[in-house]
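Engineer: build me a model from this:
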Amino acid sequence: MFLLIALLTGPATGIADERKGQRFSVHELHQACLKLLTEALHNPLYNVRSASAKALGESRDEAAVPLLGTALSDPDSMVRSFAVEALGEIGSKAATQVLVRGLKDSDSYIRALTLKTLGDQNDSAFDSVLRQGMSDPDAGIRFAAAVGMAKRGDRTAVETVIQALHSPQPQNRTIAAGFLSGSKQADILHALVRLLEDPDPTVRLTAALALGRSADPGSLDPLLKTLHDEDSSVRAAAAEALGELKQPKAIASLKEMMSDPDPLVRIAADQATALLSAKPDDRSLKASLKDSDFDVRASSARALGRIRDRNAIPLLARSLRDPVPRVRIATVRALGMIGGSKALKILRTGLTDPDVSVQSYAAGNILRLLKKTSSKKKG
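Structural biologist: Predicted coordinates:
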């Protein structure tokens, strides 16, 4: 397989413009994307370095592991946190070996996030590290370790986690619910359901998303009720969560939400309905790509990516010319989720975007698609 792209190194963007008529191998494209992401990791702006770390995680590429190891030493804690999450996304043995370095970070939140990420790996080799963390003097680290052990069925850890969900501080309840995303423990799921009625909307929103990622059928009725929450962001989260439950019974209620006054709720309901339907209708999502509100355009692009809508690729190609970088970032990530040769071809144009963060996400998703192509060939 060969692709057309110019691999010229420029001082600002890493990859300059495309030259027709020249052929470059997949290996050269792979190396060029890694070079761009490496340069972005050394950008003076922390948000660009953060974007690069997140994009490296989305790539699922083993070659990203050493670069993320470098990001673990970044002076900005946000960049380091994204590096921890990215290594968890890659999830390989090599990534995990680098990830454990986060346990020695100077920031207690990074140490807690590292423990939580190691707990998600479901590898008994880390049980002793998690048990040790449950005795740490820092409450956040103790909680992160308890989450990992709770997922392994440790009853003491389950009780510790549930207690954290009842913290008097809304921020603590939010963090606790977020860390428990995807939990399968019945006691924890019941506690998360109760948080759907929490007085703080951010807590309710986080609990809804956590329940969606659990894929627990018992969460269906509570989430359907949450579709009528007074806060629009909570309604949108409930709609998104229902799409992840894979319960077609939710379709009728979701269709009612398509008349919600908030366009972001409508998009979430559209996305969920499409995920649950045998023949999804993407017309309203495609129309939202032209909305005057850039948040709506970005959300629509993300939704089209999540439902893997290949028919939307031509419209997403136009969205790469959107004047708002956030929309272009959502677009390249959507193309990466959709995949295929057409999406890959369009993603290459993102490598020359005037915004370095957009370039980074384009490079990361190109690496992801190249990896998929390579895996199919080997299979």
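
Engineer: mind checking how far the helix or strand harbouring His27 is from the chain centre?
Structural biologist: Following DSSP states H and E, one finds His27 within helix 26-41. Remark: helix 26-41 is offset 21 Å from the chain centroid, using CA atoms, centre = their mean, to the nearest Å.

Engineer: repeat for stretch 285-296
Structural biologist: 21 Å.

Engineer: buried ones in it, by neighbour count?
Structural biologist: Leu285, Lys286, Ser288, Leu289, Val296 (16 or more other CB atoms under 10 Å). Heads up, the C-betas are built off the backbone N, CA and C, glycines and all.

Engineer: ok, now stretch 55-62?
Structural biologist: Using 16+ other CB under 10 Å as the test for burial, stretch 55-62 gives Ala55, Leu56, Gly57, Glu58, Ser59, Arg60, Asp61.

Engineer: only C-alpha atoms, please: export the helix holding His27 in PDB.
Structural biologist: Written as PDB, here are the backbone C-alpha positions of helix 26-41 (Å, rounded to 0.1, in the frame of the first residue of the first chain):
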ATOM      1  CA  VAL A  26       3.300   3.700   4.600                       C
ATOM      2  CA  HIS A  27       6.500   3.600   6.700                       C
ATOM      3  CA  GLU A  28       7.500   7.100   5.600                       C
ATOM      4  CA  LEU A  29       4.000   8.400   6.500                       C
ATOM      5  CA  HIS A  30       4.200   6.600   9.800                       C
ATOM      6  CA  GLN A  31       7.600   8.200  10.600                       C
ATOM      7  CA  ALA A  32       6.400  11.600   9.500                       C
ATOM      8  CA  CYS A  33       3.400  11.500  11.900                       C
ATOM      9  CA  LEU A  34       5.600  10.400  14.700                       C
ATOM     10  CA  LYS A  35       8.000  13.300  13.900                       C
ATOM     11  CA  LEU A  36       5.100  15.800  14.000                       C
ATOM     12  CA  LEU A  37       3.900  14.500  17.300                       C
ATOM     13  CA  THR A  38       7.400  14.500  18.800                       C
ATOM     14  CA  GLU A  39       7.700  18.200  17.800                       C
ATOM     15  CA  ALA A  40       4.300  19.000  19.300                       C
ATOM     16  CA  LEU A  41       5.400  17.400  22.600                       C
END
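
Engineer: output the contacting helices and strands for it.
Structural biologist: Applying 3 or more CB pairs under 8 Å, 6 or more residues apart in numbering; DSSP states H and E, we find helix 26-41 packed against strand 2-3, helix 46-59, helix 65-71, helix 356-378.

Engineer: quick check: closest non-adjacent residue to Ala176.
Structural biologist: Once flanking residues are discounted, Ala176 sits nearest to Ala164: 4.2 Å by CB to CB, 6 or more residues apart in numbering.

Engineer: wait, Ala312
Structural biologist: Leu304 (4.3 Å).

Engineer: before we move on, back to that, got the angle for the helix holding His27 vs helix 356-378?
Structural biologist: With axes from the mean of the first three to the mean of the last three CA atoms, to 10 degrees defining the directions, helix 26-41 sits at 150 degrees from helix 356-378.
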